[in-house]
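Q: A structural model of the following input is requested.
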Amino acid sequence: MTYKKALLQEIKSLNSDEYMSQEQIESFRTFLRAELAEINGIELNAIKELGDEETKCADEITLASNNADRAIRTIRASDLANKKKQINNAFIAMRNDEFGYCQKCGAEIGMERMLINPATTLDADCATLEEIKEKQRFNKR
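A: A predicted model of the protein is given here:
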């Protein structure tokens, strides 16, 4: 079992009548710090790989392949940046005693949903509404 899975298992096993007790929040904080450290490590490796990459291309196929790889790395970097932003927002919510509560309606997000994605900021209903709105915006284009 990985470290992060063990932390989530620990959070699950905490028996608390209180939603988002200090003990649960501290466990989530530890989990999110580990997640952030992992992302930082991935970013450092990506930067190192970019530095090691040969800039000269022997032919058009190699050039196209390198461009495709670069595009994939750019998308991955964007995903990692978004995840870091979510984690940092979760830390802010912890400091403001808002962690585990929906940013839109203020309802409890729910422990099961938090265990799936500890950096989530919306409950299931508000997340569904946001997805519907996003699809509508996309379809108007």
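
Q: Follow the chain on from the lowest-mean-pLDDT helix or strand in the chain and name the next helix or strand.
A: Ranking every helix and strand in the chain by mean pLDDT, DSSP states H and E puts helix 3-13 at the bottom, with a mean of 76. Downstream of helix 3-13, the first helix or strand assigned by DSSP states H and E is helix 22-52.

Q: What's the first helix or strand after that next one?
A: helix 60-95.

Q: Tell me what angle that next one forms with helix 22-52.
A: Computed with axes from the mean of the first three to the mean of the last three Cα atoms, to 10 degrees, the direction of helix 60-95 lies at 160 degrees from that of helix 22-52.

Q: If you count neighbours, what's buried in helix 60-95?
A: 80, 83, 84, 86, 87, 90, 91, 93, 94 (16 or more other Cβ atoms under 10 Å). All C-beta atoms are positioned from the backbone trio N, CA, C, and that covers glycine.

Q: what sits up against the next helix-or-strand element following it?
A: Per DSSP H and E, helix 60-95 leads on to helix 111-116 as the next helix or strand towards the C-terminus. Helix 111-116 has contacts (Cβ atoms under 8 Å, 6 or more residues apart in numbering) with 8, 11, 12, 19, 28, 100, 120, 123, 124.

Q: Dump the residues you listed to JSON lines, plus neighbour count and distance to residue 61.
A: Listed next are these as JSON lines, based on neighbours: other Cβ atoms under 10 Å; distance: Cβ to Cβ, whole Å:
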{"residue": "8", "neighbour count": "19", "distance to residue 61": "44"}
{"residue": "11", "neighbour count": "21", "distance to residue 61": "49"}
{"residue": "12", "neighbour count": "13", "distance to residue 61": "50"}
{"residue": "19", "neighbour count": "13", "distance to residue 61": "56"}
{"residue": "28", "neighbour count": "23", "distance to residue 61": "47"}
{"residue": "100", "neighbour count": "23", "distance to residue 61": "51"}
{"residue": "120", "neighbour count": "18", "distance to residue 61": "42"}
{"residue": "123", "neighbour count": "20", "distance to residue 61": "49"}
{"residue": "124", "neighbour count": "14", "distance to residue 61": "46"}
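
Q: Let me know the average pLDDT across stretch 72-91.
A: Throughout stretch 72-91, pLDDT has a mean value of 92.
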